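In: from the sequence below, what's the structure:
(one chain, ligands or ions: 1)
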Amino acid sequence: MSKSSKKPVVVYGASGYTGRLVCEYLREYGIPFIAAGRSKEKLDAAMQANVPGIETADFEVVEVAHTTEALTALFRGASVVLNTVGPFARFGPEVVQACLAAKCHYTDTTGEQDWLITLDQEYGERFANAGLLLSPGLAQMYTTGEIAAQLCLETPGLDTLDIAVFWGGSPTIASTQTILVNAATSKAFYLQQDQYVEWQPDAGLYHLSIPGQHEAALALPWGGTSHPVWFRRDPRVANVKVLGGVFNKPLMLGVPQIVAAALEATKDLAPDARYEALAKTAAGVMNTMPPRENPRINKSVDSVHASGPLGRAHCVIYGNCNYKQTGLLQAHAAMSLLQQAPLRAGFASGCQAFGHRELLGVLRSFGLVQPPVITVHA
Ligand SMILES: NC(=O)c1ccc[n+]([C@@H]2O[C@H](COP(=O)([O-])OP(=O)(O)OC[C@H]3O[C@@H](n4cnc5c(N)ncnc54)[C@H](OP(=O)(O)O)[C@@H]3O)[C@@H](O)[C@H]2O)c1
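Out: Residues are numbered from 1 along each chain as shown. Take a look at the predicted model:
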């Protein structure tokens, strides 16, 4: 394929639940793209059956091996790679290295804190020096909550973020694997006076009072989340704690047991064998593609209490269809990067790269979130 004929955006993992939603929104933005993945057959089937309006999209399907060399050859001549192949701590390094080699901006849909820390520490500077964006975690979890936090921080003098994130619906196959593998193999951190502090690993479930309902919600540190990593680079913020989960209480009650059992059963295995065993356990929990999201069922609540010595702010964003929010945010990032440089090169969150008001506007204009509810006492 000659450089000039190369489509500018590559969706890697386009056959997946999230990848095909990214393709759907790229079509709506009128952006030509390559739908890439490990199986041409699965990619073709996903495009034809799961991307509404695909007959009017400017795209091609490319099967590619999951190696840095093959991915570099595919990415060369493109400008932006949108990666949806997770767990990212396991499958991400080849994709990031290929982006650097092919000089492409990189975004992904991770919620894995350890993957963010790795990218920040090992790749951020190299991407910055190349003038490229490295933006892991541009996704409902946790960009929507980040927008809420940034809205609170428009009030000066607030240095502490207490964040809750909740969603309703079924996790996808890779999401279930990611949640389990992440919970079983990596530490979770919160931010205290700009330092990472480890959550107590077996503290059990937290009972949260979240906006919009009387019943207490059950929550977990959920792997620490992306916020402590993003806000560690924000001079306004010193402390960040995040708790989250799904609205489904029986599922939340089961999560600590499933994780503890998987941890115990795999603790003596070598890393590869351990991953395979954990992926198998995850497949026992979820091994089918969930249905297309339904706004009456798939709801999201992102709530941020921000405080400082003499001020408080609270922001809630009620939304729906988390995976759609994720697909849209990814497509919007591609559209923006094809037209102008990001606000910050190197390692940056979605809000740091594109602006929180802009991303809020995008989610609002596609009907995926309500207007934020903001209360300020400062
Ligand atoms: N933070 C958030 O809000 C958020 C939102 C959405 C997704 N995510 C994350 O994004 C990731 C993808 O989620 P999903 O919903 O799209 O899951 P999915 O439907 O299971 O799709 C996974 C994709 O990865 C591909 N894949 C899996 N193993 C691979 C391998 N060894 N080599 C190459 N490709 C491989 C699959 O290809 P095949 O089709 O060939 O199997 C498929 O395209 C997960 O880690 C999930 O946690 C996060």
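
In: for the protein, give me the ranges with low pLDDT.
Out: 1-4 (pLDDT under 70).

In: up against the ligand, what does the stretch 101-250 of the chain have?
Out: 109, 111, 139-141, 172-175, 178 (C-beta under 6 Å from any ligand atom). Every C-beta, even on glycine, is put in place using the N, C-alpha and C of the backbone.

In: just the ones in helices from these, please.
Out: Of those, the ones assigned to helices by DSSP state H are 173-175, 178.

In: neighbour-wise, which of those residues leads?
Out: Thr178 (25 neighbours; other C-beta atoms under 10 Å).

In: out of the residues of the stretch 101-250 of the chain next to the ligand, what pair is the most spread apart?
Out: Farthest-apart pair in these is Gln140 and Ile173; separation 17.4 Å (C-beta to C-beta).

In: and Ala262, which helix or strand is it part of?
Out: helix 249-266 (DSSP states H and E).

In: sec struct for Glu215, please.
Out: Taken by DSSP: H, G, I helix; E, B strand; the rest coil, the conformation at Glu215 corresponds to coil.

In: where's it relative to the ligand, distance?
Out: From Glu215 across to the ligand, the span is 24 Å (C-beta to the nearest ligand atom, to the nearest Å).

In: mind checking how far that residue is from Gly169?
Out: 18 Å (C-beta to C-beta, to the nearest Å).

In: okay, these two: which has more neighbours?
Out: Neighbours were counted for Glu215 and for Gly169 using other C-beta under 10 Å; Gly169 has more, 20 against 9.

In: doesn't Asn298 make contact with the more buried one?
Out: Yes - the pair Gly169 / Asn298 is scored as a contact, 3.8 Å apart, by C-beta atoms under 8 Å.

In: what is in contact with these two at once?
Out: Common neighbours of Gly169 and Asn298, using C-beta atoms under 8 Å, 6 or more residues apart in numbering, are Asn322.

In: which secondary structure state does the one residue in the stretch 201-350 of the chain that gets nearest to the ligand sit in?
Out: Per C-beta to the nearest ligand atom, Thr326 is where the stretch 201-350 of the chain lies closest to the ligand, at 4.0 Å. Classification of Thr326 by three-state DSSP places it in helix.

In: name all residues that make contact with the residue nearest to it when sequence neighbours are not counted.
Out: Nearest residue to Thr326 in three dimensions, chain neighbours excluded: Ala139, at 4.1 Å (C-beta to C-beta, 6 or more residues apart in numbering). Ala139 sits next to 18, 109-111, 325-326, 329-330 when contact means C-beta under 8 Å, 6+ apart.

In: got the phi and psi for Ala139?
Out: phi -170, psi 170 (degrees, to the nearest 10).

In: where along the stretch 51-200 of the chain do the helices fall?
Out: 68-75, 88-102, 113-122, 124-129, 145-152, 173-185 (DSSP state H, counting those that start in this stretch).

In: so the closest residue to Lys40 other than its chain neighbours bridges to which residues?
Out: Nearest residue to Lys40 in three dimensions, chain neighbours excluded: Glu63, at 4.0 Å (C-beta to C-beta, 6+ apart). Going by DSSP bridges, Glu63 is paired in beta bridges with Gly37.

In: wait, doesn't Glu63 sit right on Leu43?
Out: Yes - the criterion here is C-beta under 8 Å, and Glu63 meets it with Leu43 at 6.9 Å.

In: shared neighbours, these two?
Out: Joint contacts of Glu63 and Leu43 (C-beta under 8 Å, 6+ apart) are 36-37.

In: circling back to that earlier point, OK, contacts around the residue of the stretch 201-350 of the chain closest to the ligand?
Out: 18, 21-22, 109, 138-140.

In: follow-up on the earlier one: for Glu63 and Leu43, indicate the residue with more neighbours.
Out: For the pair Glu63 and Leu43, the greater number of neighbours falls to Leu43 (27 against 15), based on other C-beta under 10 Å.

In: that's all I had, so thanks and see you.
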